[in-house]
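Q: Any chance you can model this:
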Amino acid sequence: MNDIDLNGSESDQWIPMTTFAGTFDGNYHSIKNLYMKSDQYANLSLFSNLAETAEVKNLKLENCYIENNYSQLIYNEELGKYVCESHTSAICYYNSGTISNVEISGNIKGYMPVLENIPINTRIVRTHASGICSGSNFGYIQNSANKANIEGESLTENKEGMNGLMGTYVSGICNGNMNIIANCYNTGNLIAKGYNTELIGGISAVSGNTAYVSQEINCYSIGNMESSIVVGNKKDGAIVASSVAGKNTIINSHYLNTLNSTVSLSGTTAQTESTMKTSTFAQILGQTYYTTDATNINNGYPILKWQLK
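A: Below you'll find the model as predicted:
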């Protein structure tokens, strides 16, 4: 019924909840000053996982600070290889439920110190940093906004013979979208530094895979993208960085034309700042959910109607 100020600090940190399967209704209030900084959690966020029955809605995380420095190499029995993979985001690591009417502000950082003397049979050394969640498998994310600045870094070298998945994924909303993201926007700055692979997506870093289809619908991003990579491949997508052919559809999604987007995908359109601040553009995004920023809470860019509550 009220805002909650956690007054988080180095000495007073939030411990991530485990799998959540119920309904968390913020009633349009804020959780302020949530603080997490750790090297102990592979998944660092408000919740660890959201089950299929879970719903998180009507909630603002205001001025959160989440920093993950996880670097533990663990043997994965299913893969038969070693894995070091960290996930840092505001709401959850893995979403199988529904996230709606959520707004994030603050700073989210995922850093992985360089691992030395790693075994040849290491498969994954990768950092994920994202605004809402790291992965959404059968989960829905809708009517939500990320205003947090997000940084990711992982510089462990992919050595000859390892055949590993190394690097950094950063996104405004969700790093791995395997379902639907609708009516969402990102204004946060996105920074990534990787060794072999690097992906930045304004909405999603990766969308769709061989088993799951995905969509980004009525979304936009204006957050700056800054990336640097030692060797290998990088993709900077203002909406989606890596879209799996035949498994991902982007519909009516837009981005600021000054963004350094190296990926151009069907369904995405570059727009000028002046165009994006008009009432016409809010109508194009969908007047059921969006409206103009009459009170200047988003620097003139369209906002979601619920954000006026």
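
Q: Centroid-nearest residue for the chain?
A: residue 130 (2.6 Å; C-alpha atoms, centre = their mean).

Q: got any ranges where the protein has weak pLDDT?
A: Counting by pLDDT under 70, the chain shows no low-confidence range.

Q: for it, which helix is longest?
A: Ranked by number of residues, the top helix in the chain under DSSP state H is helix 279-286.

Q: Run through the neighbouring helices and strands of that helix.
A: The contact analysis (3 or more C-beta pairs under 8 Å, 6 or more residues apart in numbering; DSSP states H and E) places helix 279-286 against strand 253-256, strand 290-291. Every residue, glycine included, has its C-beta placed from N, CA and C.

Q: Point out the most buried one among those strands.
A: strand 253-256 (a mean of 24; mean count of other C-beta atoms under 10 Å).

Q: partners of that one, with directions?
A: Its sheet considered, strand 253-256 pairs with strand 220-221 (parallel), strand 268-271 (parallel) by DSSP bridges.

Q: need those in CSV with distance to residue 297 and mean neighbour count, can you?
A: As requested, the strands paired with strand 253-256 are exported to CSV (distance: least, C-beta to C-beta, whole Å; neighbours: other C-beta atoms under 10 Å):
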stretch, distance to residue 297, mean neighbour count
strand 220-221, 16, 29
strand 268-271, 20, 18
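
Q: Can you convert the ones you listed into JSON lines and add a column each for distance to residue 256?
A: Formatted as JSON lines, those follow (distance: least, C-beta to C-beta, whole Å):
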{"stretch": "strand 220-221", "distance to residue 256": "7"}
{"stretch": "strand 268-271", "distance to residue 256": "7"}
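
Q: Figure out which of these is closest to residue 111.
A: Residue 111 sits nearest to strand 220-221 of all these, at 23.2 Å, using C-beta to C-beta.

Q: how about residue 58, what does it touch?
A: Contact analysis of residue 58 by C-beta atoms under 8 Å, 6 or more residues apart in numbering lists 25, 26, 27, 28, 29, 100, 101, 102, 306.

Q: how about 6 Å then?
A: 25, 26, 27, 28, 101 (C-beta atoms under 6 Å, 6 or more residues apart in numbering).

Q: and it, that one's in a strand?
A: Yes - using DSSP: H, G, I helix; E, B strand; the rest coil, the assignment for residue 58 is a strand.

Q: Can we start the residue count at 9 from this point?
A: With 9 as the first residue, the last one maps to residue 66.

Q: Much appreciated, bye for now.
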